[in-house]
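# Okay, here's the prediction I keep looking at, along with the sequence it came from:
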Amino acid sequence: MRRYTINGADWSKRYPVIIRDASRIEGSAIFDAQVVWLDLNEVPDFDALHSRVNDQAASACAIDGTFP
């Protein structure tokens, strides 16, 4: 299980919770998702990830899924 940026950088170690949860999917899948941090009102805050202090609380919001 790996997490890549749109530019091909492997960010699997940056978002271990997302990787752990996504690994529960049986079989293979490719997801187009946006990693975000949700504030107390569950509103996505993209800027909260720039400092990297919220990486452990990041969520992946899947946009599309393709199952080969």
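Great, that's in hand.
# Please make it C-alpha for all contacts and neighbour counts, starting now.
Noted.
# and stretch 30-42, which residues are buried?
Residues of stretch 30-42 classed as buried: V35, V36, W37, L38 (neighbour count, 16 or more other Cα atoms under 10 Å).
# er, stretch 39-57 actually
Neighbour counts over stretch 39-57 (16+ other Cα under 10 Å) mark P44, A48, L49, D55 as buried.
# just stretch 14-30 next, same as before
By neighbour count on 16+ other Cα under 10 Å, the buried set for stretch 14-30 is Y15, P16, V17, I18, I19, A22.
# Going by distance to C61, which of these wins?
For these, the minimum distance to C61 (Cα to Cα) is 10.2 Å, reached by I18.
# Show me the residue at the heart of the protein, geometrically.
With distances taken as Cα atoms, centre = their mean, the chain has A60 as the residue nearest its mean C-alpha position (3.5 Å).
# quick one: secondary structure of it?
Put simply, A60 is strand when judged by DSSP: H, G, I helix; E, B strand; the rest coil.
# Show me what it bridges to in the sheet.
Applying DSSP bridges to A60 yields these beta-bridge partners: V35.
# That's all I had, so thanks and see you.
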